[in-house]
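> Would you be able to build a 3D model of this:
(chains A and B)
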2 protein chains.
Amino acid sequence: MTHTRRWYFNKRPTRSIEDDTFELREQTLPPLAEGELLLRSIYLSMDATNRLWLGDWDLYMDPVLPGEPMKGFTLCEVVASRNSAFAVGSLAAGLAPWSDYSISDGSGLMPVPRIPGLALADAFGVLAVAGPTALVGLMEIGRPQPGATVVVTAAAGAVGMLVGQIAKIHGCKTIGIAGGPDKCAALVERFGYDHAIDYKREDVVARLRALAPDGVDVHFENVGGEMLDAGLTVMKNFGSVVICGLISTYNSTAGDRIPGPYMFRNVIMRRLRVEGFVILDYLDRYPQYQAQLAGWMLEGKLRYRLDVTDGLDNAVGALKMLYTGANNGKVLVQIGSEH
Amino acid sequence: MTHTRRWYFNKRPTRSIEDDTFELREQTLPPLAEGELLLRSIYLSMDATNRLWLGDWDLYMDPVLPGEPMKGFTLCEVVASRNSAFAVGSLAAGLAPWSDYSISDGSGLMPVPRIPGLALADAFGVLAVAGPTALVGLMEIGRPQPGATVVVTAAAGAVGMLVGQIAKIHGCKTIGIAGGPDKCAALVERFGYDHAIDYKREDVVARLRALAPDGVDVHFENVGGEMLDAGLTVMKNFGSVVICGLISTYNSTAGDRIPGPYMFRNVIMRRLRVEGFVILDYLDRYPQYQAQLAGWMLEGKLRYRLDVTDGLDNAVGALKMLYTGANNGKVLVQIGSEH
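Next comes the predicted model:
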């Protein structure tokens, strides 16, 4: 009999996540059935897309419904197993409830090897969601040529900090957009962006035009709204616009009329390809992405910054940071010890 | 010394084309210089994109400026030539002034063969702009697989009437959207659409959902605004949205804040590819497209309808029809006799 704390989705928020959006409950898990395993949560990844799961939108996956446990991408240790694919003591990652412990039948769960030379938090923080998202979005959707100019919004965020570095590895010129001088300094000094634009202080279109007078080849969008409009304004003919996230619109409901980009006409004028993607569609190729990313990490070519919140009870506050930009790096919640 | 009438772009319209937007002048052309040819206009193609050329938008080509001759895609006869590439008596097509006669140095001008079995108006009406646009947009941008469901807006327009038929030739299921019962009847009875939706009388989203319960693979957009939102709402995962035209927005100025599609979020939710194109980028492959299209026309596989206005003096009225939907088929102006 295992006791656990578990966050439940209580009530749909109207806009931002509120005090009564989630509820922490204590419960006792039943014994394992044949084929099941008991997981102890170590790290929980907080991702901007989590907010979407709470809405009434028509979604890319089944939403989380009020009354159901909240879930997220989680690194777990297998502490008991009646499933021969997962040995006790091994690590596994996948969508799991926000919970100290959980039971899984193994579906959607990936074994996680320990990588010598990489701390567990770093490996999970980069390899679980943000790294594959950056890699797929840039290289398979954006497809920049060496020498291309790549613009990234929310460039100091979990995905954005990696996109710029992967673009540099591929010989691109990179411009990151972020909010505030600290984040912009980190973009250049820590994450290797050629240029940073502070959208809170600068005229983004004017700066983009000055930094990329011939236009932008690939725009990597994490934000939407004004950022996307600025990007569409300065695209080169036949450029690519990667729609990875539209976080500026996530605190809304399906009934809201949210205008698409005002510069949408440039899809014709500049003959653009605007393409969206969801990293969950690429899970079967995770091993290849993770090997590539881990290789760069071990070679020191991929820098990153984690923002780790301690304790399952603080999970809601950790998630909320994503929508205000209060976080400084990839947001993880440490639920349990690494050992 | 050749006398000609010629339409000049007089004054930018605020919204719709107005009485003082164009001005018809008489003038005398200078003698031909070496390398030049004298062209007699026969048919002038009216295309929705013409309105864009009159605006202050940042455009896919140089705009027409107030004070300059208005131009359009024109079928001409070479009546005098000091250019060995163009023989007297031959036909040529390209961007030319709205004019009885004009002088060209041959750049941007394509020789036009007479095709046995095809009337000159039909060949020009289909092969000059609308046909290549439909073919490139559907097959190279949309890229539907056989069996795919294809939706076309402004489906009774010059491009739309062809897109549906080309999609049927490739084994697709087709749904055309047009305004009014006559156009919708023509879609099914004349242009071979499987289904027609009358956006003036029907709930487009509800009808699309009923006709394509599994969603739409390729959406071919000529209109923008509500039509595009309806299309985005019913797209299948990994579908393609071809942005060929956004005619609903063309009577505006660069300063107008025109919202992009309200269902833009579906670019992520449905992992869509939204791609724009301009047929002028494909001129070097025109011979191949025109051979394909002419073949289908001769085999009776490609039906079309011309709406021919007689006389250069009526050119402005012919153009205006495109923006009210008053035309019934591909709009041409006959400026001179075929012989």
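
> Whichever residue of the stretch 201-339 of chain A sits closest to chain B: how many residues sit nearby?
Ranked by Cβ to the nearest Cβ, the top residue of the stretch 201-339 of chain A for proximity to chain B is A:Gly260, at 2.7 Å. Where you see a C-beta, it was placed from the backbone N, CA and C, and this is true even at glycine. Residues within reach of A:Gly260, counting by other Cβ atoms under 10 Å in any protein chain shown, total 26.

> can you pull up the bridge partners for it?
Listed by DSSP bridges, the beta-bridge partners for A:Gly260 are B:Gly260.

> Please apply the same query to A:Gln27.
A:Thr4.

> which ones are touching it?
Counting by Cβ atoms under 8 Å, 6 or more residues apart in numbering or on different chains, A:Gln27 makes contact with A:His3, A:Thr4, A:Arg6.

> how about a cut-off of 10 Å?
The contact partners of A:Gln27, by Cβ atoms under 10 Å, 6 or more residues apart in numbering or on different chains, come to A:Thr2, A:His3, A:Thr4, A:Arg5, A:Arg6, A:Tyr8, A:Pro69, A:Ser99, A:Tyr101.

> do A:Pro111 as well
Per Cβ under 10 Å, 6+ apart, neighbours of A:Pro111: A:Val78, A:Ala85, A:Phe86, A:Ala87, A:Ser90, A:Leu91, A:Ala92, A:Ala93, A:Gly94, A:Pro287.

> Pull out the buried members of those.
Taking 16 or more other Cβ atoms under 10 Å in any protein chain shown as the criterion, what is buried in those is A:Val78, A:Phe86, A:Ser90, A:Leu91, A:Ala92, A:Ala93, A:Gly94.

> now those residues in a markdown table, with pLDDT, secondary structure and distance to chain B?
Conversion of those to a markdown table gives the following (pLDDT from 0 to 100; DSSP: H, G, I helix; E, B strand; the rest coil; distance: Cβ to the nearest Cβ, whole Å):
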| residue | pLDDT | secondary structure | distance to chain B |
| --- | --- | --- | --- |
| A:Val78 | 98 | strand | 32 |
| A:Phe86 | 96 | coil | 30 |
| A:Ser90 | 97 | coil | 32 |
| A:Leu91 | 97 | strand | 30 |
| A:Ala92 | 96 | strand | 26 |
| A:Ala93 | 96 | strand | 23 |
| A:Gly94 | 95 | strand | 21 |
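
> which one of these is nearest A:Val126?
Set against A:Val126, the nearest of the buried ones among the contacts of A:Pro111 by Cβ to Cβ is A:Ala93 (12.3 Å).

> in the sheet, who's paired with A:Arg103?
Check again: residue A:103 is Ile, not Arg. Beta-bridge partners, per DSSP bridges, of A:Ile103: A:Leu38.

> residues near it, how many?
19.

> so who does it touch?
With Cβ under 10 Å, 6+ apart, A:Ile103 has these contacts: A:2, A:4, A:29-33, A:36-39, A:80, A:96-97.

> Most widely separated two among those?
Among the contacts of A:Ile103, A:Pro31 and A:Ala96 lie farthest apart (Cβ to Cβ), at 18.6 Å.

> More neighbours: those two, which one.
A:Ala96 (24 against 11).

> Mind telling me what element the residue nearest to that one when sequence neighbours are not counted is part of?
Distance criterion Cβ to Cβ, 6 or more residues apart in numbering or on different chains; nearest residue to A:Ala96, sequence neighbours excluded, is A:Thr74 at 4.0 Å. Following DSSP states H and E, one finds A:Thr74 within strand A:71-81.

> Return the list of strands paired to that strand, each annotated with direction.
Strand A:71-81 has these strand partners (DSSP bridges): strand A:37-45 (antiparallel), strand A:91-97 (antiparallel).

> Show me which parts of it are buried, residue by residue.
Quick answer for strand A:71-81 (16+ other Cβ under 10 Å): A:Lys71, A:Gly72, A:Phe73, A:Thr74, A:Leu75, A:Cys76, A:Glu77, A:Val78, A:Ala80, A:Ser81.

> any idea which of these is closest to chain B?
A:Phe73 (17.3 Å).

> Bridge partners for the residue nearest to that closest one when sequence neighbours are not counted, pull those for me.
Nearest residue to A:Phe73 in three dimensions, chain neighbours excluded: A:Ser45, at 4.2 Å (Cβ to Cβ, 6+ apart). Bridge pairing for A:Ser45 (DSSP bridges) gives the partners A:Phe73, A:Leu332.

> buried sites along whichever strand or helix holds A:Asp307?
Applying DSSP H and E as the criterion places A:Asp307 in strand A:306-310. By neighbour count with 16+ other Cβ under 10 Å, strand A:306-310 contains the buried residues A:Leu306, A:Asp307, A:Thr309.

> ok, residues contacting it?
Contacts for strand A:306-310 (Cβ under 10 Å, 6+ apart): A:43-44, A:46, A:119, A:121-122, A:124-126, A:158, A:315-319, A:321-322, A:326-335.

> The one helix or strand A:Ala196 maps to pairs with which strands, parallel or anti?
Under DSSP H and E, the secondary-structure element containing A:Ala196 is strand A:195-198. Applying DSSP bridges, strand A:195-198 is found paired with strand A:173-178 (parallel).

> Now do the helix or strand following the strand it pairs with: which elements does it pack against?
On the C-terminal side of strand A:173-178, the closest following helix or strand by DSSP H and E is helix A:181-189. Where contact means 3 or more Cβ pairs under 10 Å, 6 or more residues apart in numbering or on different chains; DSSP states H and E, helix A:181-189 is packed against helix A:160-169, strand A:173-178, strand A:195-198.

> need the ones you listed in JSON lines with mean pLDDT, can you?
Shown next, in JSON lines, are those (pLDDT from 0 to 100):
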{"stretch": "helix A:160-169", "mean pLDDT": "98"}
{"stretch": "strand A:173-178", "mean pLDDT": "98"}
{"stretch": "strand A:195-198", "mean pLDDT": "98"}
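
> Adding mean neighbour count as columns, could you present the ones you listed in JSON lines?
Shown next, in JSON lines, are the helices and strands packed on helix A:181-189 (neighbours: other Cβ atoms under 10 Å in any protein chain shown):
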{"stretch": "helix A:160-169", "mean neighbour count": "26"}
{"stretch": "strand A:173-178", "mean neighbour count": "27"}
{"stretch": "strand A:195-198", "mean neighbour count": "22"}
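
> any chance of the ones you listed in CSV, plus distance to A:Met269?
Formatted as CSV, the helices and strands packed on helix A:181-189 follow (distance: least, Cβ to Cβ, whole Å):
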stretch, distance to A:Met269
helix A:160-169, 25
strand A:173-178, 21
strand A:195-198, 23
